[in-house]
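Enquirer: output the structure for:
(chains A and B)
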Amino acid sequence: MLELAIGIILGGCALGAGCAMIAGIGPGIGEGHAVAKACEAIGRQPECKGDVTSTMLMGCAVAETTGLYALVIAILLIFVAPGRFVDILLKAIGR
Amino acid sequence: MSIVYLILCILSMAAAIAVKVMFVPASDGIDISGAHVFFTVKMPIQDLPITEAQVNSWCVILAVMFLCLFLTTGLKTRNISIRQMLAEWIVEKVTGLVRTNMGEYFEGFAPFIAAILGLSGFSSLSSLLGLFPPTSDINIIAGWAILVFFLITYYKMKAGPWIYLKSFGQPQPLLAPLNIISEVATPISMAFRHYGNVLSGSIISVLIAVGLTKLSHSLFSFLPGALADFPYLRIGIPAVLSIYFDLFSGCLQAFIFAILTMLYVAGGFPAEEYAARKKKRQERAAAKAACSHTAGKNAEL
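Expert: Numbers count the residues shown, from 1 in each chain, chains lettered A, B, ... in the order given. Coordinates of the predicted model:
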């Protein structure tokens, strides 16, 4: 019975980490749009290349934040959460 | 004299490597366990662990300090050396960056921004020496982000605490809780952005190195003896990824942390209210001086 409970905890953590990383779609699309627009801008005004590139990198890094939140959640779910949850379970059943 | 500082700069990074070699147990395969804890100091509320991240961070601080001393010893006005040119170039660039992003009033921020850039950049680059990069530990970055949060709050309060409190109910008093949440979210997002980028880079590097080891073992298993155990695919291929994850990403995140610090501090500063308050204060002081002047004259008469 205990093995089943721990198995469910581990499986749940792995599934949760996988689901959390769905958030990676958003920054991917957003950064793609940003780079596309930057390419257009450079094509129109090649003399502004430096400014456009640095602003684009800055915007990309800020847009990446939501993806990184998901990444932190996924890392916590894989490396930290299982141990904590198993401890809580063992404490709850009094072992 | 300057060469001594350069040697000290290299020595402080060598000290970090020596500490790692002597006290951190070696591991093979996948090892993503965070910073190694050297020892814990007993404290009344909670124990204080001294970790690899802290030690490396202090070594990087020492290295950056000695590098600055190396660049700035023996400054001259004529026949300047390449060292001095480099130092002047750094100062010029950072001052220009601060001036364009923050305005004239915040020009004194240039050393602070340069310190953030240097510390963050060299911390991320220390992974090139095989050290645990301090920026991939959230405690280090969270400390910087909290420092920046205090700076932002200080400059928001520059025009008086009442104006600071009024800014929370800005478009609508109903939105005050959301404004408070977004205020607290600023340091959290700054910390997570930097730490997540560096940590994800190191995790991906470890996973790729392990995968390439397994792949080369299965591909070259026909070779005789010890030749089969050698991970051939790990030569060169992970270095390509390291250019992005260690060099580019580390420097970019340092730059972005500095830019966001500048934007938040300059953006939160209520310039108009501060100018109005300063003017009012000056007028009051002038009126007071004039009043005392006339009073003195009256007394003389």
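Enquirer: got the contact list for residue B:253?
Expert: A:61, B:120, B:124, B:135, B:193-194, B:197-198 (Cβ atoms under 8 Å, 6 or more residues apart in numbering or on different chains). For every residue, glycine as well, the C-beta is placed using N, CA and C.
Enquirer: name the nearest residue to residue B:264, sequence neighbours excluded.
Expert: Distance criterion Cβ to Cβ, 6 or more residues apart in numbering or on different chains; nearest residue to residue B:264, sequence neighbours excluded, is residue B:152 at 5.1 Å.
Enquirer: oops, could you answer that again for residue B:8 instead?
Expert: residue B:66 (4.5 Å).
Enquirer: so for the helix or strand the one you found falls within, mean pLDDT?
Expert: For residue B:66, the element it lies in under DSSP states H and E is helix B:52-72. In this model, helix B:52-72 carries a mean pLDDT of 91.
Enquirer: enumerate the positions of the helix or strand just after it that are buried.
Expert: As assigned by DSSP H and E, the chain's next helix or strand after helix B:52-72 is helix B:82-102. Residues of helix B:82-102 classed as buried by neighbour count (16 or more other Cβ atoms under 10 Å in any protein chain shown): B:83-84, B:87, B:94-95, B:97-98, B:101-102.
Enquirer: and residue 45, backbone torsions?
Expert: By default, I'm working from chain A. With angles defined as degrees, to the nearest 10, residue A:45 sits at phi -130, psi 80.
Enquirer: you answered for a different chain; I wanted chain B.
Expert: According to degrees, to the nearest 10, residue B:45 has phi -90, psi -50.
Enquirer: then residue B:41?
Expert: phi -100, psi 130.
Enquirer: just checking, it touches residue B:47?
Expert: Yes. Proximity of residue B:41 to residue B:47 meets the contact threshold set by Cβ atoms under 8 Å, at 6.8 Å.
Enquirer: so what touches the strand or helix carrying residue A:7?
Expert: When elements are assigned from DSSP H and E, residue A:7 belongs to helix A:2-20. For helix A:2-20, the surrounding residues in contact (Cβ under 8 Å, 6+ apart) are A:70, A:73-75, A:77-78, A:81-82, A:85-86, A:89, A:93.
Enquirer: change it to 6 Å
Expert: Here helix A:2-20 makes contact (Cβ atoms under 6 Å, 6 or more residues apart in numbering or on different chains) with A:70, A:73-74, A:77-78, A:81-82, A:85-86, A:89.
Enquirer: show me which of these is closest to residue B:34.
Expert: residue A:78 (12.5 Å; Cβ to Cβ).
Enquirer: would you mind identifying the helix or strand in chain A with the lowest mean pLDDT?
Expert: Here the helix or strand of chain A ranked lowest by mean pLDDT, DSSP states H and E is helix A:49-63, holding a mean of 86.
Enquirer: CA-only coordinates of that helix in PDB, if you can.
Expert: Extracted C-alpha coordinates of helix A:49-63, given in PDB (Å, rounded to 0.1, in the frame of the first residue of the first chain):
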ATOM      1  CA  LYS A  49      21.100  47.400 -36.500                       C
ATOM      2  CA  GLY A  50      22.900  47.800 -33.100                       C
ATOM      3  CA  ASP A  51      20.000  49.500 -31.400                       C
ATOM      4  CA  VAL A  52      17.400  47.100 -32.700                       C
ATOM      5  CA  THR A  53      19.500  44.100 -31.800                       C
ATOM      6  CA  SER A  54      20.100  45.200 -28.200                       C
ATOM      7  CA  THR A  55      16.400  46.200 -27.700                       C
ATOM      8  CA  MET A  56      15.300  42.800 -29.100                       C
ATOM      9  CA  LEU A  57      17.600  40.800 -26.800                       C
ATOM     10  CA  MET A  58      16.300  42.800 -23.900                       C
ATOM     11  CA  GLY A  59      12.700  42.200 -24.800                       C
ATOM     12  CA  CYS A  60      13.300  38.500 -25.500                       C
ATOM     13  CA  ALA A  61      14.800  38.100 -22.000                       C
ATOM     14  CA  VAL A  62      11.900  39.700 -20.400                       C
ATOM     15  CA  ALA A  63       9.400  37.700 -22.500                       C
END
